[in-house]
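J.: Have a look at this prediction, sequence included:
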Amino acid sequence: MIKIISVFLIFMLVLAMFGRLRFPGQKTINKKLDAAKCPSCGRFRLGKSPCPCGKS
């Protein structure tokens, strides 16, 4: 039973390492999301249309 649990944990660690190698730039995604928000009200702007609040 302990052998099965240890193999499972090792497998999960290997998957986590591959996930970090595949997606190293997670911080750049947050910058893109912050740029898509309206600076005055904080709502997300969809497409190229102006914000519904009309301030930007």
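T.: Looks like it came in fine. Numbers count the residues shown, from 1 in each chain.

J.: Packing partners of the host helix or strand of residue 12?
T.: Assigned by DSSP states H and E, residue 12 falls within helix 2-22. Packing partners of helix 2-22 (3 or more Cβ pairs under 8 Å, 6 or more residues apart in numbering; DSSP states H and E): none among the helices and strands. All C-beta spots, glycine's among them, are computed from the backbone N, C-alpha and C.

J.: burial count for residue 45?
T.: Look at residue 45: counted by other Cβ atoms under 10 Å, it has 14 neighbours.

J.: ok, it - contacts?
T.: 36, 37, 38, 51 (Cβ atoms under 8 Å, 6 or more residues apart in numbering).

J.: Quick check: it vs residue 13, distance?
T.: Look at residue 45 and residue 13: by Cβ to Cβ, to the nearest Å, they are 40 Å apart.

J.: What pLDDT does the model give residue 21?
T.: In this prediction, residue 21 carries a pLDDT score of 73.

J.: what's the pLDDT at residue 41?
T.: 86.

J.: Ramachandran coordinates for it?
T.: Residue 41 adopts backbone torsions of phi -110, psi -20, taken as degrees, to the nearest 10.

J.: Please tell me I have it right and it contacts residue 50.
T.: No: if you go by Cβ atoms under 8 Å, residue 41 and residue 50 don't touch, sitting 11.6 Å apart.

J.: Burial check on residue 4, number of neighbours?
T.: Based on other Cβ under 10 Å, the number of other residues close to residue 4 is 8.

J.: Same check on residue 2?
T.: For residue 2, the count of nearby residues is 6 (other Cβ under 10 Å).

J.: In the protein, where is pLDDT below threshold?
T.: 22-34, 55-56 (pLDDT under 70).

J.: Roughly how far does the residue of the chain positioned farthest from its centre sit from residue 8?
T.: Within the chain, the residue lying farthest from the chain centre (Cα atoms, centre = their mean) is residue 1, at 35.7 Å. Distance from residue 1 to residue 8, counting by Cβ to Cβ: 11 Å.

J.: And residue 51, by the same measure?
T.: Computed with Cβ to Cβ, the distance linking residue 51 and residue 8 is 48 Å.

J.: Pick out whichever of the two has more residues nearby.
T.: residue 51 (17 against 10).
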